[in-house]
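J.: Show me how the following folds:
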Amino acid sequence: PGKKGDIIAWSGNTGSSAGPHLHSEIRNTKTEQTINPLIVGFKINDTLKPLINGFYIYKIGDAPFSEKTKKQYFQTSGSNGIYSINNVNVISVAGKIGFGIMAYDQQNNNGNKNGFFSTTILLDGKKIFETVIDQFYFDHTRSVNAFIDYPAKLLQKRTIQKGFASPGAKTSFYRDMINYGVIELNDNAVHDVSYILKDANDNTSTLSFKIKNNPNLGIEKNAPVGPMFNYLTDNTIDQSDIKAFFPKGIFYDDVDFQFAVHPKSGNALSKIYELHNRYTPVHQNWSLQIKVDEELMNMKDKLVVVNEFGSSQGGEYSGGFIKASPRTLGKFYLKADQTAPTIVPVNIKESANMSKQSRILFRISDNLSGIKSFNLYIDNDWRLAEYDIRNGHLWHTFDGRTGFGKHELKLVLTDMKNNSKTYQAIFYR
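T.: Residues are numbered from 1 along each chain as shown. Got it, this is the predicted structure:
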């Protein structure tokens, strides 16, 4: 058993860390879900109620939610947990609609803008939608992209939490829902809506407003343009020069899938294949194969799949195709990586005196496929080198094996396409 004063962990700053910190979790030992620590006895001074700074109505209609779903913004006002819609007594709606909200929570003496613990939507006093952020499966991490308005996050840099769910959503946040939180009014009555947000200390803010059906507005009808990919089944594209496989469960809703083939342009070494767009989130990697033209066979082992931003998605040659596993949708094509990685010495040069240095430091980078391996040798003896991917720093910390006198240094850097760069120097200690 531990006792006061025992060291239980060391603070670290490796990986994708934004600063030195200690990563600590509370887990459900049966399910491996991580548990919100604020619900199991960790008390933080918090008397502040969530702040609401915007509201949306989504005109869903009969189509799955996508970047094409029209939405209407409403300015909100209020304080001390009581909010309303500015300058609107009754909101007119038609057809199937959903809600979305922009809000955040804060704690006393802390400027961080946090998410809120729970959301409840009441229609005429009846609960139609509820979420509670109390536990979370790590393999559901990407499904948070379906919890929010993902297109708005990418296009407008706005975080809007949806008050309705996609049918294939995988987070454990959702609780009680009627029709996934989607509303369709079929009468002429005025209906009361309460949008209730709470933090873990039960500080509560409520946005109250009224809605009424107005059939004269017209109902959103979006006829499918491409094939409709069902989120409950596997989906494929199988053509002579491209093959794509999307396993069951990768989509959170049906997708009106847009597929197009564009001619080569720029430095593309294949046609450019448009596989829908990046505004539709996917839950996991999918399989993509692009055929290699005959005139490129001499460099087949240097080819990678890149996306519309020129970022490598990896790729290995097999059976006439370059195979990759992207984790987003969008445009893809082939590109060659024939350039070796870059090594920039920071504190060492030929014949340098390193007596007062505790380590050797480099900056390394690669132009496309990414760093595969690095090996550092001193006097033909392999030495440990450390790499910080955030800033490209690679270093070796001297130990007792590098003593007084002359030493030979060699650093070998290799990228994912086996392009290699070597740096060598003599130094003294």
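
J.: For the rest of this, base every contact and every neighbour count on C-alpha atoms.
T.: Will do.

J.: in the stretch 101-250 of the chain, which ranges drop under the pLDDT threshold?
T.: The model of the stretch 101-250 of the chain has no residue with pLDDT under 70.

J.: just so I have it, where are all the helices in it?
T.: If DSSP state H, counting those that start in this stretch is used as the criterion, the helices of the stretch 101-250 of the chain fall at 144-147, 150-155.

J.: Which residue lies nearest the spatial centre of the chain?
T.: When C-alpha atoms, centre = their mean is applied to the chain, the residue found nearest the centroid is Arg142 (6.1 Å).

J.: Please name the nearest non-neighbouring residue to that residue.
T.: Nearest residue to Arg142, sequence neighbours excluded (C-alpha to C-alpha, 6 or more residues apart in numbering): His283, at 5.6 Å.

J.: any idea how far that neighbour lies from Ala223?
T.: Using C-alpha to C-alpha, to the nearest Å, we find His283 at a distance of 25 Å from Ala223.

J.: quick one: which of the two has more around it?
T.: When neighbours are counted by other C-alpha atoms under 10 Å, His283 and Ala223 differ, and His283 comes out ahead with 23 against 9.

J.: per-residue confidence for that one?
T.: We note a pLDDT of 97 for His283 in this prediction.

J.: wait, isn't it in contact with Gly249?
T.: Yes: taking C-alpha atoms under 8 Å as the definition, His283 is a contact partner of Gly249 at 7.4 Å.

J.: Just give me the longest strand of this protein.
T.: Taking DSSP state E as the assignment, the strand of the chain that covers the most residues is strand 96-107.

J.: to the chain's geometric centre, what's the distance from it?
T.: Here strand 96-107 is found 20 Å from its chain centre; the criterion is C-alpha atoms, centre = their mean, to the nearest Å.

J.: got a list of contacts for that strand?
T.: With C-alpha atoms under 8 Å, 6 or more residues apart in numbering as the contact definition, strand 96-107 has outside contacts at 44-62, 112-116, 159-164, 181-185, 199, 219.

J.: still on that earlier bit, who are the neighbours in contact with the residue nearest to the centre of the chain?
T.: Counting by C-alpha under 8 Å, 6+ apart, the residues that Arg142 touches are 282-284.

J.: Helix, strand or coil: sort out the closest residue to Ala223 other than its chain neighbours for me.
T.: Counting by C-alpha to C-alpha, 6+ apart, Ala223 lies nearest to Ala63, which is 7.8 Å off, once chain neighbours are set aside. Reducing the assignment to helix, strand or coil with DSSP: H, G, I helix; E, B strand; the rest coil, the entry for Ala63 is coil.

J.: Ala63 reaches Met228, doesn't it?
T.: No: look at Ala63 against Met228 with C-alpha under 8 Å: they stay out of range, at 10.5 Å.
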